[in-house]
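Student: okay, here's the prediction I keep looking at, along with the sequence it came from:
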Amino acid sequence: MNDWLGPEEWQAVALSLKVSFWAIGLSLPFGILTAYALARWSFPGKQVLNGVIHLPLILPPVVTGYLLLLTFGRRGPVGGWLEQVFGLVFAFRWTGAALAAAIMAFPLMVRSIRLAIEAVDPRLEQAAATLGAPQIWVFATVTLPLILPGVIAGAILGFAKAMGEFGATITFVSNIPGQTQTLPSAIYTFLQVPGGDTAALRLVAVSVVVAMAALTVSEILARRAARRVAGA
Amino acid sequence: MNDWLGPEEWQAVALSLKVSFWAIGLSLPFGILTAYALARWSFPGKQVLNGVIHLPLILPPVVTGYLLLLTFGRRGPVGGWLEQVFGLVFAFRWTGAALAAAIMAFPLMVRSIRLAIEAVDPRLEQAAATLGAPQIWVFATVTLPLILPGVIAGAILGFAKAMGEFGATITFVSNIPGQTQTLPSAIYTFLQVPGGDTAALRLVAVSVVVAMAALTVSEILARRAARRVAGA
Amino acid sequence: MSLEVDITRPLAGFDLRVAFEAPGGVTALFGRSGAGKTTVINAIAGLERPATGRITLSGQTLFDAQARVNLPVHRRRLGYVFQDGRLFPHLSVRQNLTYGQRFAPRGATGPGLDEVADLLGLAPLLDRRPGALSGGEKQRVAFGRALLARPRMLLMDEPLAALDAALKEEILPYLERLRDQIGLPILYVSHSVAEVARLATSVVVLDAGRVVRAGPAEQVLSDPTMVRQFGLREAGAVLPAQITRHHGDGLTELAVSGGRLFLPEMDQPAGTHTRVRILAHDVIVADHAPLGLSALNLLPGTVVTLRDGQGPGVIVQIQCGSDLLLARITRRSAEALRLAPGRPVHAVIKTVSIARTDVGAG
Amino acid sequence: MSLEVDITRPLAGFDLRVAFEAPGGVTALFGRSGAGKTTVINAIAGLERPATGRITLSGQTLFDAQARVNLPVHRRRLGYVFQDGRLFPHLSVRQNLTYGQRFAPRGATGPGLDEVADLLGLAPLLDRRPGALSGGEKQRVAFGRALLARPRMLLMDEPLAALDAALKEEILPYLERLRDQIGLPILYVSHSVAEVARLATSVVVLDAGRVVRAGPAEQVLSDPTMVRQFGLREAGAVLPAQITRHHGDGLTELAVSGGRLFLPEMDQPAGTHTRVRILAHDVIVADHAPLGLSALNLLPGTVVTLRDGQGPGVIVQIQCGSDLLLARITRRSAEALRLAPGRPVHAVIKTVSIARTDVGAG
Amino acid sequence: GTTTVFAAASLKNAMDEVAAAYQGETGNQMLPSFAGSSKLARQIQQGAPAQIFVSANPGWMDLLDQDSLLAKDSRTDLLLNAIVLIAGPGAEADLAIKIDPQTDLVGALHQGHLAMALVDAVPAGIYGKAALTSLGLWDGVADRVAQADNVRAALRLVASGEAPLGIVYATDAAADASVRVLDTFPADSHPAIVYPAAILKEGDSAETRTAFGFLTGDTARAIFLRHGFGVAGD
Ligand SMILES: Nc1ncnc2c1ncn2[C@@H]1O[C@H](COP(=O)(O)OP(=O)(O)OP(=O)(O)O)[C@@H](O)[C@H]1O
Ligand SMILES: Nc1ncnc2c1ncn2[C@@H]1O[C@H](COP(=O)(O)OP(=O)(O)OP(=O)(O)O)[C@@H](O)[C@H]1O
Ligand SMILES: [Mg+2]
Ligand SMILES: [Mg+2]
């Protein structure tokens, strides 16, 4: 197996997993919050928020990547501030790859979760409120368990997207082996040169296997969560 | 306005709309069917189908595009057959761009719709069956109206994705102005040359406007559909 | 038209094993909460699959575990009024009502939309969505919807529980008419002995997943051993009767085997055969024919048995003509009157005690 | 503890405009299907927002349209038993039951999980999910859940409609205990006059979104003008009574203002004040004190009024001591007995006619 | 230490070898990051942590030069390349074409497409278009040109037979057995195809200078030649 992929390629696999994991793990709470806000609250600028969230889906990834580079780059307004204040650097680090992946996956995640929230019968939440539960508790104990299949679906969809994300990532954080070279960047690089196709294919196989595993796990989790709700 | 974008750019806008429209319009029925199958039926190979559908999300778009080229190209097994039997050609045609967009958008569409289907109370479908309605009619008159918000969400998510799709499209059908040069290809082209940024930005603005409009319309439609269900 | 059910369905913590026959007319499925009534009715409708057994309707096999027959729900054509309504939330009341119409076979007859809407008081609600209905209104729409699908049989799961007394009074005669005039067989789940007594031609009593008694309504309801199932307060006898005369002062005279009864005015013409339910606690026992009482009905008879109930009560079975009447009185009275098998007595029954709910068509 | 409601809520096709006071104890909200009961109770719970008006509970403002007060649902601490159950499908029965416990203020007392599970027959179901419960079982869980949240007041929307008679019999005394011993005020929506008569200390009668009558239960229920609201069959009088003796043969003797009554054994000790509901159709009128009857209860009195009902019936109001009894008899009997205001008569009532359901704790 | 080299994606194979040789010789690491020249240039503008940039065309290097991001006097033309007309399985097997103003490209296409990289954006495409234009062939084939987003994709179109002919770098054509080179475009038909390299101002250091020296030195030159590149100054 170790012969099958070179060390640099293993690095890319490991990096992609790390990037996707953190991208989804950290953005999931925001995704849930955003989905909840869009599904249940009405506030000024709701449509704008909704639009902004969808931008990464609409724009060619390269554009998103450039916008990220301009904003979160070392010389960008937000990037510079973050570096000064928190010492948090995104540009050309794996953290930046995670940021790019998170932003690209965000609309998918939010959509899934939002649909699940909209399907929850608000009368159950009302019932919980009559039992004395404050809104946040109602959310944690009624809404969240009921939308769990949707959250899992959203997270996995996001994870898959993050694993496959390439355009924005390579534009934002480049393609530095061991630092920012994710699986898709590595595949891209191999595809750019003569004779790279078989190496690319190997990496494609790896990413397919990883994503399929994630997908299967998510299906099982979601089914289990759904069965809990259906009773029996 | 006509001065603001050149004729070739207008062509790209029009083409992108056409491609996305057909991509989503034609794949939507399949999306609904697939989502229904995944949500409600159990059959051998279900997990495989689920995996295959998600592949375009996981793979770098270039890979998807290349696989499309190998399969649906004129010399590909499916492409050749389709050309012989139906005279249907994808390679280097806008139809190919639509195919690529449809395939890239498919997982997003299916996920949305599937979540909506899973949220439908099967007891309502049972009630319809006891009234004598065969399964297909139950689907059309009970399930479909109830999942309409999810279908709309899925279709618009897909539409947005189709509008932004670039990697698979250009790999599969290249960039032939007026035939396969979609908005994202045009944007990409501008971004490749020093000084093309402003032209790219103008096109980005166009695609943002179009996608936001679609998004807003979908929100309104989905809300209306949801309100119908909630009664009042 | 006859429904035969013989199925098992083992669940965790609940084991269903029932066999009964519903010979047409209205068959009441009676049993306490959790007895398995909904489970049985679901199996008949095809919504749950029994583990083993057979279900046939007028000779047609709906389900047969051994022969691997399982007719799809929509081909069974059984109208189901669900315990929980299940209206289509996205359709108007009108659309809900007419949902099944297009699937009714061409020949099928039955009431039309207007008739049903009027009967059920739904006319002003036709354009609303179910979300804007009250609980009782929803249940009425569910009933109308099942009816308008022109089913071969109606399955009703506690259809009247959410309705007020006045509405029940309006709907019950209608169910009777369905039974008698249209001949639509009904399987009727209910907790209400009054409803069962009024409507049912047969009764199946379920308890913890088993059939504990099944048979014609008169027999099952008058069975003193079933008192515990129905509750003391609902014990009573069902007597076959024939209308003999309508009096000018709003009373109807009926002949029962043991004499005549005066009841509040009934719609049916003289000659009609009907049934009268007389609750045990409404019967006063006298050792002579009393005078100067407002009670109009006096049936002479003979004590057959005395059964001690719980508490201070005694159930007295009185032979009046060929029928058995039940009376529930205190032990103290029974002793004071020296009641014993063979003793001749008079049963005193108030005319108004026999509520309209307790008089059923044939 | 007193709840004051004065609200309006105009809906398309339905206009709610009610003002009433629930002075503690059990207040029954009575009205036909679609009268607006659920709407009122929802407004009190905070689930629907009235257009105008005020709702206060023991001086605390829950809602005030003018002052823009609208206490959030979870801070109102009103236990709500919904007409449609609304159990949490993802939680076990046990988790459903205990859901509200953590929010109960520390001082609040009340029955514990075990006690409630036993009472409601839920003990064997604690580890199931609601999906595996029957209709009646669900409703019982909903009741237990509201109770265990230790609310300041219970709102119950037809809580017993889905339950069988035997279960009702088990639960009703418990509600009485809540009312009397724990002093938990209850707003109780019901179609059943029997339940209302048994439980309610006050009654509010709704009709088409308006309060048509409100007041203490005895007054409202004995009001002959309300007969139409409650249904003829449920007309009756509620008499204050005091237990005087428990007899060895399972009878309890009570003193009412007009004499004494024998009832099936009651739990309460001698001296207890209680209420007895005597249905109009259970009263026989005699022009003398009859002998040789199984009926134990004879109350001498005087005819006050005769009211013609629909059909062949007459409602006779009889003054017995300081109470008014209602009797429903046929016109024919009334004429035969030459009943007229002022005529002395005897009211004959069977002991067993007065069901346990019709005897309520004071 | 480590030297990060931002290099045009088409250099991957060669640069990987150079990096290995560099490490073998000096013990230091040379870390190449491959992407499109436009992306790399913009990243450098945004302060990318790279020390050396090898661009696939002079345009982007010029831009960085204007922004004074290059170390003084370090810019040099590292490599040369040529563009060729290739045929794949989609073309007639015995097709032979010499490139001159009389060439019947359209006829040779047989209704098929001429695969190129983006003619206004990607260097190989720009060079190709310039060559065709100067030969007077562009207007004839313009609407039969299928533009891929990079030269490898164009090559793939030809290799898979989807497009009968294509215009790609000589280096790419040489490495793919399923295409054959019909002819090389005359060097004077298009601007010289050079890969400029430079040290970035921010990354300038002794070690970078060493690495840069290696990159432009003989070992590297041999490797580049082996991969089919021309080397400037030859
Ligand atoms: N999935 C299940 N697993 C285990 N037990 C179940 C399941 N579904 C139902 N039961 C049990 O089966 C029994 C019968 O349920 P059913 O719904 O048929 O009762 P029912 O007679 O209709 O009662 P009710 O009058 O309360 O509606 C109940 O005790 C219930 O708890
Ligand atoms: N959103 C709405 N729009 C219009 N009318 C409504 C709406 N919601 C409820 N109604 C009407 O308001 C009336 C009162 O409804 P409510 O649910 O309070 O009745 P209820 O007294 O609880 O009846 P039930 O005993 O049948 O449950 C009904 O006539 C109903 O049709
Ligand atoms: Mg049931
Ligand atoms: Mg209601």
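Tutor: Thanks, I have the structure now. Numbers count the residues shown, from 1 in each chain, chains lettered A, B, ... in the order given. Ligands and ions are numbered 1, 2, ... in the order given.
Student: ok and the residue in chain E nearest chain A?
Tutor: Of all residues in chain E, E:Ala175 sits closest to chain A, at 2.8 Å by Cβ to the nearest Cβ. Quick note: C-beta positions are derived from backbone N, CA and C, even for glycine.
Student: ok, now which ones touch the closest residue to that residue other than its chain neighbours?
Tutor: Nearest non-adjacent residue to E:Ala175, counting by Cβ to Cβ, 6 or more residues apart in numbering or on different chains: A:Pro194, 2.8 Å away. Neighbour list for A:Pro194: E:13, E:152, E:171-172, E:174-176 [criterion: Cβ atoms under 8 Å, 6 or more residues apart in numbering or on different chains].
Student: picking up where we left off before, count of neighbours near the residue of chain E closest to chain A?
Tutor: By other Cβ atoms under 10 Å in any protein chain shown, the residues close to E:Ala175 number 17.
Student: next one: it relative to ligand 2, how far apart?
Tutor: 72 Å (Cβ to the nearest ligand atom, to the nearest Å).
Student: what helix or strand does A:Ala200 sit in?
Tutor: In this assignment (DSSP states H and E), A:Ala200 forms part of helix A:197-230.
Student: check contacts around the residue lying closest to E:Gln46 once chain neighbours are set aside.
Tutor: By the measure of Cβ to Cβ, 6+ apart, the closest residue to E:Gln46 outside its immediate chain neighbours is A:Gly73, 3.8 Å from it. Residues counted as contacts of A:Gly73 (Cβ under 8 Å, 6+ apart) are A:79, A:90-91, A:172, E:46-47.
Student: on the three-state scheme, the closest residue to chain E within chain A is what?
Tutor: Nearest residue of chain A to chain E: A:Pro194, at 2.8 Å (Cβ to the nearest Cβ). Put simply, A:Pro194 is coil when judged by DSSP: H, G, I helix; E, B strand; the rest coil.
Student: contacts only, for the closest residue to ligand 3 within chain C.
Tutor: Of all residues in chain C, the one sitting closest to ligand 3 is C:Thr38 (3.1 Å; Cβ to the ion). By Cβ under 8 Å, 6+ apart, the residues touching C:Thr38 are C:83, C:157, C:189, D:134-135.
Student: residues of stretch E:183-202 that come out buried?
Tutor: Buried residues in stretch E:183-202, counted by 16 or more other Cβ atoms under 10 Å in any protein chain shown: E:185, E:189-190, E:193-201.
Student: try stretch A:112-130
Tutor: A:112-120, A:124-130.
Student: closest to A:Arg224 out of these?
Tutor: Nearest to A:Arg224 among the buried residues of stretch A:112-130: A:Ala116, at 15.4 Å, using Cβ to Cβ.
Student: now the residue of chain E at minimum distance from chain C, nearest residue through space, not along the chain?
Tutor: Residue of chain E nearest chain C, by Cβ to the nearest Cβ: E:Asp149 (46.1 Å). With Cβ to Cβ, 6+ apart as the measure, B:Ile170 is the residue that lies nearest to E:Asp149, at 4.6 Å, once sequence neighbours are left out.
Student: for chain E, which segments count as helices?
Tutor: E:12-26, E:37-45, E:58-66, E:105-109, E:123-134, E:138-141, E:151-159, E:170-175, E:206-215, E:218-226 (DSSP state H).
Student: elements contacting the shortest one?
Tutor: In other words, helix E:138-141. helix E:105-109, helix E:123-134 (3 or more Cβ pairs under 8 Å, 6 or more residues apart in numbering or on different chains; DSSP states H and E).
Student: among those, which is the most enclosed?
Tutor: Mean neighbour count, computed with mean count of other Cβ atoms under 10 Å in any protein chain shown, is highest for helix E:123-134 among the helices and strands packed on helix E:138-141, reaching a mean of 24.
Student: pLDDT value on the residue of chain A found nearest chain B, please?
Tutor: Closest residue of chain A to chain B, Cβ to the nearest Cβ: A:Ala119 (3.2 Å). Here the pLDDT value assigned to A:Ala119 is 84.
Student: report the separation between it and A:Leu157.
Tutor: Distance of A:Ala119 to A:Leu157, computed by Cβ to Cβ, to the nearest Å: 17 Å.
Student: what about the residue nearest to C:Pro341 when sequence neighbours are not counted, helix or strand, and which?
Tutor: Spatially, and ignoring its direct neighbours in sequence, C:Pro341 is nearest to C:Val303 (5.5 Å; Cβ to Cβ, 6+ apart). Using DSSP H and E, C:Val303 sits in strand C:297-308.
Student: that strand pairs with which strands, and in what direction?
Tutor: Applying DSSP bridges, strand C:297-308 is found paired with strand C:313-320 (antiparallel), strand C:344-349 (antiparallel).
Student: what distance separates the helix or strand in which C:Ala166 is found from the centre of its chain?
Tutor: For C:Ala166, the enclosing helix or strand under DSSP H and E is helix C:165-177. For helix C:165-177, the separation from the chain centroid amounts to 11 Å (computed by Cα atoms, centre = their mean, to the nearest Å).
Student: now do that helix, average pLDDT.
Tutor: Helix C:165-177 carries an average pLDDT of 76.
Student: got it, and stretch C:2-17?
Tutor: Average pLDDT, stretch C:2-17: 89.
Student: now check that stretch, is it near chain B?
Tutor: No - using Cβ under 8 Å from any Cβ of the partner chain, we find that stretch C:2-17 stays clear of chain B, coming within 15.3 Å at best.
Student: do the same with stretch C:58-65
Tutor: No - counting by Cβ under 8 Å from any Cβ, chain B has no neighbours in stretch C:58-65; the shortest distance is 12.6 Å.
Student: specify the beta-bridge partners of the residue lying closest to C:His246 once chain neighbours are set aside.
Tutor: Of all residues not flanking C:His246 in the chain, C:Thr252 sits nearest, at 5.3 Å (Cβ to Cβ, 6+ apart). Under the criterion DSSP bridges, C:Thr252 forms beta bridges with C:His246, C:Leu263.
Student: could you measure C:Thr252 against C:Ile186, distance?
Tutor: Counting by Cβ to Cβ - C:Thr252 and C:Ile186 are separated by 26 Å.
Student: related to what we said a few turns ago, anything in the helix holding A:Ala200 sitting right up against chain C?
Tutor: No - on the criterion Cβ under 8 Å from any Cβ, helix A:197-230 is out of touch with chain C, staying 14.0 Å away.
Student: most neighbours out of the contacts of C:Thr38, which is it?
Tutor: Compared across those, C:Val189 has the highest neighbour count, 26 neighbours, by other Cβ under 10 Å.
Student: confirm that it sits in a strand.
Tutor: Yes - under three-state DSSP, C:Val189 sits within a strand.
Student: hang on, the earlier thing: so the residue of chain E closest to chain A is in contact with A:Gln192, correct?
Tutor: No - judged on Cβ atoms under 8 Å, E:Ala175 makes no contact with A:Gln192 at a distance of 11.8 Å.
Student: in chain C, where is pLDDT below threshold?
Tutor: C:1, C:227, C:231-233, C:309-311, C:352, C:355-362 (pLDDT under 70).
Student: in contact with the residue positioned nearest the centre of it, which residues?
Tutor: Geometric centre of chain C, nearest residue: C:Val196, 2.2 Å, by Cα atoms, centre = their mean. Going by Cβ under 8 Å, 6+ apart, C:Val196 touches C:28, C:30, C:188, C:190, C:203, C:217, C:221.
Student: quick one: which of the residues you listed is nearest C:Phe103?
Tutor: If you rank the contacts of C:Val196 by distance to C:Phe103 using Cβ to Cβ, C:Tyr188 comes first, at 23.2 Å.
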